[in-house]
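Engineer: Need coordinates for the below:
(2 chains)
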Amino acid sequence: MQIQAPSRSVVSVENLHVRFAMRDATVSAVNGVSFELEAGKVLGILGESGSGKSVTLRALMRMLPPARTRVEGRIRIAGHEITAMDEDALRKVRGAKVAMIFQEPMTALDPVFTVGVQIAETIVRHEGISYAAAWRRALELLEMVQIPSAARRLKAYPHEMSGGMRQRAMIALALSCRPSVLLADEPTTALDVTVQIQIILLLRQLQQDLGMAVVFVTHDVGVAVEVADRIGVMYAGRLVELGSTEEVIERPAHPYTAALLTSTVLGSAFGRRLDTIPGMPPDLRALPEGCSFAPRCQFCQDACRVSMPPEHAMAPGHTTRCLRIAAREIELAGPTLSARNTYVGGGDRP
Amino acid sequence: MTGTRDIPLPTADACAPVPVSARSEVAGTGASGGRTAPLLHVDNLTKHFPLKGGLLNRTQALVQAVDGVSFNVLTGETLGIVGESGCGKSTTARLMMHLIRPDGGTIAFDGRKVGAIEHGLSHRDLHRQMQMVFQDSYSSLNPRLPVVMSIAFGPFVHGLGRSAALKRAMELLQAVGLDPLLFANRYPHELSGGQRQRVNIARALALSPRIVILDEAVSALDKSVEAQVLNLLVDLKAQLDLTYVFISHDLNVVRYISDRVMVMYLGKVVEIGPVDRLYRDPRHPYTRALLSAMPSMNPRRRTVEAPLSGDPPNPIRPPSGCRFRTRCPFAEQVCEAVAPLLLAPPGDALRAVACHMSVPKSGHSRAVAAVSA
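Structural biologist: Alright, predicted model coming up:
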C-alpha cells in the first residue's frame, strides 16, 4: 500500500474492476482500469455505450448499488482512500472534495425544492456556515455559471428553467463546496448544439479558474476534443488507449481508436462510403480471452486471442494495449480526424 | 434486391399535377425550373398545440410548433431537416405523415392533395407511398411480435396474402442485412439497437413506399453502428429509387446524407438550399451560428467563443417579427416589426432565406444589394 503516487495527481485509480452479479450471470463492466489525473487537468473518457465509461465514473464516487456490485482495485481521490472508507466518511468527501454532474439535470435536481435551497443546503451541510451566508454563496455561484437574473433564479424550481439553464444550475450545485475533483457524466449530451458549446466553454473556464481536475465522460469525439487535455478510450471495460488529446486524435495507436475516429461521420465524407467497424461490442457476461477487440479487429492474429495485451508506451504519456502495435508489426496510417475535417460554414472560426 | 418492389407504382407523370399556389415559388425550390418534379409539396403547414389547464380545462395558450412551413421534396433527393429541439422538425414529419392533423395548410403527393375530395389522395394511399422510421427503435416495434410479423403486418393489412406477406418480410430482412434464418423469429428485446433500427427500416419499406421519412433514425445509435446504418440507407435509396426526408440534430450526418438541407427555428423555415452551398456559405445568421457551434474536432483549434448565448425562446410566445431576433447579433428595428419571408437571395435561385439582410431594400442596414439583371 506504500506506492508513492506522483505528488501532483489528485485522482489515482489502480486496476479497477467492477462486476455486477445478476441472477444468472456476472457482468464484467470494468476490467482493470488504471489512470492518474493531475490537479487542474481534464481527462476525457471516450467510449460507446456499454464500454464501462459511466460505471468507472460512478465507481470513483462509490455510487454503484453495493448489494449487487463487486468493486476491486484502489481509488485515491484528493488524499482519500475511497475504496476503504465507511459510509459516514464517504458522505463528507462526496460534494466537498468530489462532485458529479449528470446528463439529465431534471432527474439529478430535486423537483420539489428551489435551486437556491438545494445549493444553500449543501453548503450548510458541508461547511457549517449560516443559512444566510450559504444563500449569498448560492447567488455568487449562479452568477459564476452565468445564469441571467441570478437572484430571481435562486427561487426557481428546476421545471421552471430551460435545459441549458438547469445544466448551469447543476454545475453551480456541484461547485458549491469548491471540490478539487469534478466528475462529469455526459453533461452536454441532452443539449442542443448551440447550448452544448456554451456549457463546454463554461466548464472549461471554470475548470481553469478553480484549478479543478475533471473527469469528463462522453461518447462524442468532438466534445472530448473540445474539453479534454488527455483522452482515454474505453472498450469493453478497459482503457485501450490513453494519451494527450493531440496524440490520440492525430496519431491514434489502437486499432479501435483509429476505427472509431474514421467511422465518425464528418461532413467532408459526402458521397464516400463510410468506414464501419464490423460486428458488435462483446458480451460483457462472457468476455473473450485476450484482447476484447480482437473479434472485430482487421489486424487480429492468434496471439491477440491468448491474453489481454499489456500497456505499451508509444510516447511519454501515451499508452495503448495492442500487441501488434507494441511489436511494431502494423502501422495505423490513413487520414486522421483533424486532417479529414475541413471546417464548414461561417468562416468566423478563429 | 431487384424484384422486391412488387406493388406497382404510378409514374411521376401518370397523375396530372394540380396547379400549385404562388406561395410555393417563394420556397426557392419551385423556382428552380423543373430540374426535378416535386414529389411532395408542402404548403403553409401549420400546427398550434393547445396548452390546457386551469378552471374548466380551457385552452390557456398555443404552442406554435409549426407555423406556415412550405417546401418541396423533389423526386429522388434526400432533404435534410435540421434544427434544435422544439424547432418543429419532428412535428413537421408527423404532419407530413398525417399522424397528427394539421391546423392549416396542405400536402400534395405527386400532384394529388392529401385528403382532398376531388382528385385527392386518401390517408391510406398516402401511407402506402410514404413511411417513417422513428428514433426509438424499441418503442416503435410491438414487443410481443417476432420482428418478421411486425414487418409483414403492413402488407398483410393492405391486402397481401399471409404467406406472401411473410415471404416479403423475409426478403426485406435480407435486404437490410439481417439473415432471415437467424433473425425472423426474434423478438425486439433480443436485438441490439442497430439491428432493431434495421428491422424498422425493413418495416418502413414493406409497402414499397416512394418517400421514407427518417426522424432521428440514427441518433440513438453508437458511432460505429450509425455508420453501418447510414451506408445501408444510401444503398437502399439507390436500389429502390427512394426519396428521403432525413431529420436530425447531427449536422455532420445531415451533411453526409442530404442533397438539400432545410434549417428550422421555432416553427419556421429560416433557410433551405443545396447542402454544399448551405454549409459552405450559410446566409441566415442562425444557420451560421448553428454550424459554428459544432465541436471543432481539432485539438489545436478549439472553439473559443460560443456563437449564441442563452437557450431558444419558448414557442408559446415567440418573439414578434423575425423569431430569431432575440438571439441575433444583427437584429434591428425592422426585424422586430416585420416577419421576414422565405425568399431566394439575389443571384441564388436554388436557395431561400428568411432574413431581412438577404432582401435588397428591406430596411435593414446590412441588407444586400440587388443583383442587376
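Engineer: what helix or strand does the residue at minimal distance from the centre of chain A sit in?
Structural biologist: Residue closest to the mean C-alpha point of chain A, counted by Cα atoms, centre = their mean, is residue A:217 at 2.2 Å. Using DSSP states H and E, residue A:217 sits in strand A:213-218.
Engineer: Likewise for residue A:241?
Structural biologist: Going by DSSP H and E, residue A:241 is in strand A:238-244.
Engineer: Now that strand: average pLDDT?
Structural biologist: Averaging pLDDT along strand A:238-244 gives 95.
Engineer: tell me what that strand is packed against?
Structural biologist: Using 3 or more Cβ pairs under 8 Å, 6 or more residues apart in numbering or on different chains; DSSP states H and E, the elements in contact with strand A:238-244 are strand A:26-38, strand A:230-235, helix A:255-263, strand A:318-320. All C-beta spots, glycine's among them, are computed from the backbone N, C-alpha and C.
Engineer: At which residues are the helices of the chain located?
Structural biologist: Since no chain was named, I'll use chain A. A:53-60, A:87-93, A:105-108, A:115-127, A:131-144, A:150-153, A:163-174, A:193-210, A:221-227, A:245-250, A:255-263, A:323-326, A:337-340 (DSSP state H).
Engineer: Please refer instead to chain B.
Structural biologist: Under DSSP H, chain B gives helices at B:23-26, B:89-96, B:123-129, B:147-157, B:162-175, B:180-183, B:193-205, B:223-240, B:251-257, B:275-280, B:285-292, B:333-337.
Engineer: Run the chain-centre distance for stretch A:177-194.
Structural biologist: Taking Cα atoms, centre = their mean, to the nearest Å, one finds stretch A:177-194 lying 9 Å from the centre of the chain it belongs to.
Engineer: Quick one: mean pLDDT for that stretch?
Structural biologist: pLDDT averaged over stretch A:177-194 gives 92.
Engineer: Point out where the chain drops to low pLDDT.
Structural biologist: Just so you know, I chose chain A. Chain A contains residues with pLDDT under 70 at A:1-7, A:267-271, A:333-350.
Engineer: Wait, chain B was what I had in mind.
Structural biologist: B:1-36, B:371-373.
Engineer: State the distance from the residue of it most remote from its centre to chain A.
Structural biologist: Most distant from the centre of chain B: residue B:55, at 37.7 Å, with distances by Cα atoms, centre = their mean. Plainly put, residue B:55 is 22 Å away from chain A if you go by Cβ to the nearest Cβ, to the nearest Å.
Engineer: re earlier: gap between the residue nearest to the centre of chain A and chain B?
Structural biologist: 14 Å.
Engineer: on that earlier part again, list of residues touching the strand holding residue A:217?
Structural biologist: Strand A:213-218 is contacted from outside by A:10-11, A:37-47, A:53-54, A:56-57, A:60, A:180-189, A:203, A:207, A:223-224, A:227-228, using Cβ atoms under 8 Å, 6 or more residues apart in numbering or on different chains.
Engineer: Repeat that for stretch A:300-311.
Structural biologist: A:32, A:238, A:288-292, A:294, A:297, A:319-324, A:326.
Engineer: Stretch B:115-134 too?
Structural biologist: So stretch B:115-134 is contacted by B:7, B:9, B:18, B:40, B:93, B:96-99, B:106, B:109-110, B:112-114, B:140, B:158, B:197, B:200-201, B:203-217 (Cβ under 8 Å, 6+ apart).
Engineer: Restricting to C-alpha, output it in CSV.
Structural biologist: Presented in CSV, the C-alpha positions along stretch B:115-134 are these (Å, rounded to 0.1, in the frame of the first residue of the first chain):
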residue,chain,number,x,y,z
GLY,B,115,-57.5,14.4,-48.1
ALA,B,116,-59.0,16.5,-50.9
ILE,B,117,-62.3,15.3,-52.2
GLU,B,118,-61.7,16.0,-55.8
HIS,B,119,-58.7,14.1,-57.3
GLY,B,120,-57.3,13.7,-53.7
LEU,B,121,-55.2,11.1,-52.1
SER,B,122,-56.7,9.2,-49.2
HIS,B,123,-54.7,8.8,-46.0
ARG,B,124,-54.5,5.1,-46.7
ASP,B,125,-52.9,5.7,-50.1
LEU,B,126,-50.6,8.3,-48.6
HIS,B,127,-49.3,5.8,-46.1
ARG,B,128,-48.6,3.4,-48.9
GLN,B,129,-46.4,5.9,-50.6
MET,B,130,-44.8,7.5,-47.5
GLN,B,131,-43.4,5.7,-44.5
MET,B,132,-41.5,6.8,-41.4
VAL,B,133,-38.7,5.5,-39.2
PHE,B,134,-38.6,6.8,-35.7
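Engineer: Now it: buried residues?
Structural biologist: Buried residues in stretch B:115-134, counted by 16 or more other Cβ atoms under 10 Å in any protein chain shown: B:120-121, B:126-134.
Engineer: Please apply the same query to stretch B:237-246.
Structural biologist: B:237, B:240, B:242-246.
Engineer: Which members of those residues additionally contact chain A?
Structural biologist: Residues of the buried residues of stretch B:237-246 in contact with chain A (Cβ under 8 Å from any Cβ of the partner chain): none.
Engineer: and which of those is nearest residue A:70?
Structural biologist: Nearest to residue A:70 out of those is residue B:246 (Cβ to Cβ; 44.5 Å).
Engineer: Count residues in the vicinity of residue 247, would you?
Structural biologist: No chain specified, so I'll use chain A. Using other Cβ atoms under 10 Å in any protein chain shown, the number of residues around residue A:247 comes to 20.
Engineer: Switch to chain B, please.
Structural biologist: Residue B:247 has 26 nearby residues by other Cβ under 10 Å.
Engineer: Bridged to residue A:243, which residues?
Structural biologist: Taking DSSP bridges as the rule, residue A:243 bridges to residue A:231.
Engineer: thinking again about what came up before, tell me which of the helices of chain B sits nearest to residue B:347.
Structural biologist: Taking the helices of chain B one by one with Cβ to Cβ, helix B:275-280 is closest: 11.7 Å.
Engineer: For that closest one, name the packing helices and strands.
Structural biologist: helix B:251-257, strand B:260-265.
Engineer: Count the neighbours of the closest residue in space to residue B:285 that isn't next to it in sequence for me.
Structural biologist: Among residues not flanking residue B:285 along the chain, residue B:328 sits closest, at 5.1 Å (Cβ to Cβ, 6 or more residues apart in numbering or on different chains). Using other Cβ under 10 Å, residue B:328 has 19 neighbouring residues.
Engineer: residues contacting residue B:328?
Structural biologist: Here residue B:328 is in contact with B:285-286, B:322, B:335 (Cβ under 8 Å, 6+ apart).
Engineer: among these, which two are most distant?
Structural biologist: So, these by Cβ to Cβ: farthest apart are B:286 and B:335, at 12.1 Å.
Engineer: Looking at these two, which has the bigger crowd around it?
Structural biologist: Using other Cβ under 10 Å as the criterion, residue B:286 and residue B:335 rank with residue B:286 on top: 28 against 25.
Engineer: what's the distance between residue A:127 and residue A:133?
Structural biologist: 9 Å (Cβ to Cβ, to the nearest Å).
Engineer: Could you do residue B:321 as well?
Structural biologist: 46 Å.
Engineer: picking that back up, could you turn the buried ones of the contacts of stretch A:300-311 into a PyMOL selection?
Structural biologist: In PyMOL syntax, the buried subset of the contacts of stretch A:300-311 is picked out as below (16+ other Cβ under 10 Å):
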select buried, chain A and resi 32+238+290+291+292+294+297+319+320+321+322+323+324+326
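Engineer: out of the contacts of stretch A:300-311, which one sits closest to residue B:224?
Structural biologist: residue A:297 (12.6 Å).
Engineer: And for that closest one, nearest residue in space, chain neighbours not counted?
Structural biologist: residue A:255 (5.0 Å).
Engineer: Make sure that neighbour is actually in contact with residue A:292.
Structural biologist: No: the criterion here is Cβ atoms under 8 Å, and residue A:255 misses it with residue A:292 at 11.9 Å.
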